[in-house]
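**Q** my questions are about this predicted structure, shown below with the sequence.
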Amino acid sequence: MKEMNINAAQQGLHGEIRIPGDKSVSHRSIIFSSLGSTPVHITNFLHAQDCLSTAACFRALGADIEFASDTELTVKGHGMHGLHEPQTILDAGNSGTTLRLMTGLMAAQPFLTTFTGDASLHRRPMGRVIKPLTQMGAEIYGRENNTKLPLTIVPVGEGLHGITYQSPVASAQVKSAILLAGLYAHGTTTVVEPFVSRDHTERMLKAFGVDVKREGTAVSVDPVEKLTAPAEIEVPGDISSAAYWLVAGSIIPGSEIVLRNVGMNPTRTGIIDVLQAMGADLTIENERTSGGEPAADIRVRAAKLHGTSFGAEIMPRLIDEIPIIAVAALFADGETVITGAGELRVKETDRLQAVVDEYNKIAPGSVEGSADGLVIRGGCALQTAECHTYDDHRMAMSLAVLGTAAKGVSLDNGACVNISYPVFYDTLARLQH
Ligand code: S3P
């Protein structure tokens, strides 16, 4: 593990950056293209460990995947029924999206698949996808009473049948796993969520010619014979990666940063609503559509922030941004109260606990945790500290922004940013010159 030292900023952050491709859309671009039968040219793909795990799994299943550069590739599948039995155990690495979406897809295949992953993925709950897939007729075995990796998915002769599933969690991974299985099931498959989670799967299914029906928080698909692949998929920039610069630019005095090509899918823009409610100075420019997804450029200037409160309803729209929003809250006047965030306990690490433990090293007495949220007191005294990342990319990047805005920080495993944002530290350095 490589230690990473982050210095305090000597001045505001300045410059223009192009936001790397969206992680969720990059995964889905490979998954759906592998089920088509014509080549799909994918641009602005996120060249990061998680998406490369998905590419490796689909290669093992027989999809033709050729990279022309880090961010540009062509994927050619052999049709919806053209995947073949992998000769090895499939390794999803650190990626919950790879594992959960593929579990849904593999449950419908006429061959056996076994999945593994890294230590973090072995701790994450898989019962949330195994339970509904089992109701659809799938046969899936895993550790701890069929709830944890490693998992083996056994073919079922009679095939799957559609269900209406009331999901207890608003999770795009759960929803997508069920919809992928539903493409192969007999009858209609419907997922009802407590709140609408990110809808990239629904958008991409439509781009592949599938009739997806939405009614409130319910989404349905009928079985299809084939997917009609588009010739091109342009992946929009990842707002979850832009989030670090939205906050860094807001809290480091004198900053002005232009973020080019930020995905602005309304199921993902909760951080913009929250930062604006906190008084952030964000200008949204050049709004357009990129690969069936809204996108824009965002100019962020430093501003005095104030505390805010938000809860379960907005959570799916900013689920991955809580650690960096908590950094913004440390620099705001007054208190920020976050509730309805219990899902953070089952991400790459328990992010609520990690925020409490690590941010209090830098701003002692500033953060209190609850069962499903955080209370953050802004304006506490700041000091330098040695922090754990828990090998969690979003903790590492949030702590790096916090250290830059405070008095520096050293991170035990800085390299885990490679999961979603390999050029993160280079960009941080560039914005300081
Ligand atoms: C993702 C969905 C979210 C998110 C993850 C990516 C996706 O997880 O946290 O980073 O691509 O579907 P949940 O759906 O489990 O909340």
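**A** Looks like it arrived, so ask away.
**Q** got the residues of the stretch 251-400 of the chain near the ligand?
**A** Residues of the stretch 251-400 of the chain that fall close to the ligand, judged by C-beta under 6 Å from any ligand atom: 319-320, 343. All C-beta spots, glycine's among them, are computed from the backbone N, C-alpha and C.
**Q** ok, and the most crowded of those residues?
**A** residue 320 (24 neighbours; other C-beta atoms under 10 Å).
**Q** can you give me the helices in the stretch 301-433 of the chain?
**A** Assigned by DSSP state H, counting those that start in this stretch, the stretch 301-433 of the chain shows helices spanning 322-330, 351-362, 393-405, 424-430.
**Q** also compute the angle for the first one relative to helix 393-405, please.
**A** Right, the one you point to is helix 322-330. Orientation of helix 322-330 against helix 393-405 (axes from the mean of the first three to the mean of the last three C-alpha atoms, to 10 degrees) gives an angle of 20 degrees.
**Q** turn the helices of the stretch 301-433 of the chain into TSV, columns for distance to residue 196, mean pLDDT and mean neighbour count.
**A** Below are the helices of the stretch 301-433 of the chain laid out as TSV (distance: least, C-beta to C-beta, whole Å; pLDDT from 0 to 100; neighbours: other C-beta atoms under 10 Å):
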stretch	distance to residue 196	mean pLDDT	mean neighbour count
helix 322-330	18	98	27
helix 351-362	22	98	21
helix 393-405	22	98	27
helix 424-430	29	98	17
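**Q** residue 41: which of those helices is closest?
**A** helix 424-430 (26.4 Å; C-beta to C-beta).
**Q** thinking again about what came up before, do you know which of the helices of the stretch 301-433 of the chain lies nearest residue 229?
**A** Evaluated with C-beta to C-beta, those place helix 393-405 nearest to residue 229, the distance being 30.1 Å.
**Q** distance between that closest one and the chain's centre?
**A** Computed by C-alpha atoms, centre = their mean, to the nearest Å, the chain-centroid distance of helix 393-405 equals 17 Å.
**Q** by contact count, what packs against that helix?
**A** strand 4-6, helix 239-251, helix 322-330, helix 351-362, strand 409-411, helix 424-430 (3 or more C-beta pairs under 8 Å, 6 or more residues apart in numbering; DSSP states H and E).
**Q** so which other helices or strands are in contact with the second one?
**A** Contact partners of helix 239-251 among helices and strands, from 3+ C-beta pairs under 8 Å, 6+ apart: strand 256-263, helix 270-277, strand 293-301, helix 322-330, helix 393-405, helix 424-430.
**Q** and if we set it to 7 Å?
**A** On a contact count with 3 or more C-beta pairs under 7 Å, 6 or more residues apart in numbering; DSSP states H and E, helix 239-251 meets strand 256-263, helix 270-277, strand 293-301, helix 322-330, helix 393-405.
**Q** what mean pLDDT would you report for that helix?
**A** Taken as a whole, helix 239-251 carries a mean pLDDT of 98.
**Q** can you list the buried residues in stretch 103-113?
**A** For stretch 103-113, a neighbour-count test (16 or more other C-beta atoms under 10 Å) marks 103-109, 113 as buried.
**Q** sorry, that was for stretch 135-154
**A** Result for stretch 135-154 [16+ other C-beta under 10 Å]: buried residues 136-138, 140, 142, 146-151, 153.
**Q** what about these, which are in strands?
**A** Counting by DSSP state E, the members of the buried residues of stretch 135-154 that fall within strands are 140, 142, 148-151, 153.
**Q** tell me the two of these that are most distant?
**A** 148 and 153 (14.2 Å).
**Q** picking up where we left off before, make a markdown table from the helices and strands packed on helix 393-405 and add distance to residue 260 to it.
**A** Shown next, in a markdown table, are these (distance: least, C-beta to C-beta, whole Å):
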| stretch | distance to residue 260 |
| --- | --- |
| strand 4-6 | 24 |
| helix 239-251 | 10 |
| helix 322-330 | 19 |
| helix 351-362 | 28 |
| strand 409-411 | 27 |
| helix 424-430 | 12 |
